[in-house]
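[1] Turn this into a structure:
(one chain, ligands or ions: 1)
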Amino acid sequence: MNTLNDSTVCVTGASAGIGRAAAEAFASAGARIIMMARREDRLERAARDVAGATGADVLVRVLDVTDRDAVNTVFASLPGAWKHIDVLINNAGKALGLAPGYATTPEHLDGMLDTNVKGLVHVTGAVLPGMLERNRGHVINVGSTAGHWVYPGGTVYCATKHAVRALNEGLKMDVHGSAVRVTSVSPGLVETEFSLVRFEGDREKAEQVYANMTPLRAEDVADAMLWAATRPPHVNISEILMMCVDQSHATMVHRHV
Ligand code: NAP
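    Numbering: from 1, shown residues only. Okay, the predicted model is just below:
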């Protein structure tokens, strides 16, 4: 097992859901954690909880991954040893609305492309050169089953997650010959704030997505990331595609009614 003791792990989108769970899982495994997201209050609270539950050192940075200049400034100004990131978890992401692809509003189009695709490239661009210099590191990209299958109402979101899958595969080739590892963890339905964000705060609509079935928990996805990161150094897990038992394909969900 590849130990995480004395490792630095950076998680984007760590104020909620899968990112927050990943921060806690890696902190429990002995890593020091950099937690990043846009909502300062939520991020501070999540960081306090993670540090309290695990005793890990946690550093918080407010960051919008869509802002390339901010990304470069924030990573360049990390203090001392925190700059040496061993595991980068590119998790920040979202789906916005369920409109047909051709009718996606400009705000939703930019929101999904800028966060899920360009944000991932901005952050990786700020971190990966250091990993290559040290010949040590692991980039974990949060993909989705939406990177494998397209579903009605998910045209643009699925396109962004197909792009994440291509980026994941290409990044592994980019670092070919180095010891740096690249993994995608691609879940199906996970109960987080994902649907609340997709439906712009409509809690009733969001709850319907997970009604009468047992979705994955954010902790299940974090556990898969931790497993990939703790394989022996010569092992690169390319992708983990995972769904709850009640889901068998993009829209094939068994409801217990
Ligand atoms: P979530 O609970 O809504 O969490 C999303 C996180 O991303 C939040 O911490 C949010 O924090 C952050 N974020 C959003 N925009 C950001 C930006 N521009 N810059 C920095 N951080 C940003 O949703 P989740 O389910 O945990 O989603 C995490 C990842 O899993 C996403 O990439 C999503 O596509 C993927 N995923 C989710 C599911 C699912 O069913 N839940 C399935 C497959 C894949 P702030 O708002 O504070 O910035």
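
[2] Following the helix or strand hosting Gln208 in sequence, what is the next regular element?
    Assigned by DSSP states H and E, Gln208 falls within helix 203-209. Later in the chain than helix 203-209, the nearest helix or strand by DSSP H and E is strand 216-217.

[3] what sits up against the helix holding Gln208?
    189, 195-196, 198-199 (CB atoms under 8 Å, 6 or more residues apart in numbering). Yep, even glycine has a C-beta here, placed from its N, CA and C like the rest.

[4] taking those residues one by one, which sit in helices?
    Among the contacts of helix 203-209, the residues falling in helices (DSSP state H) are 195-196, 198.

[5] tally of neighbours for the closest residue to Gly97 other than its chain neighbours?
    Using CB to CB, 6 or more residues apart in numbering and skipping residues adjacent in sequence, the residue nearest Gly97 is His108, 5.0 Å away. Applying other CB atoms under 10 Å, we find 20 other residues in the vicinity of His108.

[6] Ser184 - that's part of a strand, no?
    Yes. Counting by DSSP: H, G, I helix; E, B strand; the rest coil, Ser184 falls inside a strand.

[7] Check what pLDDT it gets.
    With respect to pLDDT, Ser184 has a value of 98.

[8] list the contacts for His108?
    96-97, 99, 156.

[9] swap in Thr8?
    Thr8 touches 31-34, 81-82, 84-87, counting by CB under 8 Å, 6+ apart.

[10] Flag whichever of those residues scores worst on pLDDT.
    Lowest pLDDT among the contacts of Thr8: Ala81, 91.

[11] Help me confirm that it is found in a helix?
    Yes. The assignment for Ala81 is a helix, going by three-state DSSP.
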